[in-house]
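S.K.: For reference, the sequence and a predicted model appear below.
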Amino acid sequence: RPAHGGTMAEPALTKKVFTLLVAHERGAGGGGRVLLGMKKRGPGTGKWNGFGGKLEKTDASVKAGAVREFREETGGASPSDDVARVGVLTFHGVGGDPR
């Protein structure tokens, strides 16, 4: 509680849109492989992850942003044309950059 019996102000919430693209190859009989990259910075440094990052104002859509990030992070590799949105994650944080 704040001093003098006052109430605490509600912290400002920030909203940023990030992408995450997990590339997979379907194999015969339902098997397959997943392409992951080693996280170089931010939360999860040193761990394997899909590819993604912040949506930019110049991205025409979330899908376009995901494909752009994938190409940047894989050195230009291009995902197949069947990139699909399969989910949405919402993280609630207070102030600052959620990375």
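M.R.: Yep, that arrived.
S.K.: Pull up the pairing partners for the worst-scoring helix or strand of the chain on mean pLDDT, direction included.
M.R.: Using mean pLDDT, DSSP states H and E, the weakest-scoring helix or strand in the chain turns out to be strand 23-26, at a mean of 83. Sheet pairing of strand 23-26 (DSSP bridges) gives strand 32-35 (antiparallel).
S.K.: Would you map the strands across the protein?
M.R.: Along the chain, the segments classed as strands by DSSP state E run 23-26, 32-35, 37-38, 48-49.
S.K.: who wins for proximity to Ala84 among these?
M.R.: strand 23-26 (11.2 Å; CB to CB). Where you see a C-beta, it was placed from the backbone N, CA and C, and this is true even at glycine.
S.K.: got the buried residues for that closest one?
M.R.: Of the residues in strand 23-26, Ala23 count as buried by neighbour count, 16 or more other CB atoms under 10 Å.
S.K.: Could you export the strands of the chain as TSV, including distance to Ala60?
M.R.: Compiled in TSV, the strands of the chain are given as follows (distance: least, CB to CB, whole Å):
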stretch	distance to Ala60
strand 23-26	20
strand 32-35	24
strand 37-38	24
strand 48-49	24
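S.K.: Out of those, which gets nearest to Phe70?
M.R.: Closest among the strands of the chain, using CB to CB: strand 23-26, at 7.1 Å.
S.K.: For Pro79, find the nearest of the strands of the chain.
M.R.: Each of those has some distance to Pro79 by CB to CB; the shortest is strand 23-26, at 5.5 Å.
S.K.: Keeping just the C-alphas, turn the least confident helix or strand of the chain into PDB.
M.R.: Output in PDB follows, covering the C-alpha atoms of strand 23-26 (Å, rounded to 0.1, in the frame of the first residue of the first chain):
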ATOM      1  CA  ALA A  23       8.600 -24.400 -39.900                       C
ATOM      2  CA  HIS A  24       7.900 -28.100 -40.300                       C
ATOM      3  CA  GLU A  25       8.300 -30.700 -43.000                       C
ATOM      4  CA  ARG A  26       5.600 -33.400 -43.200                       C
END
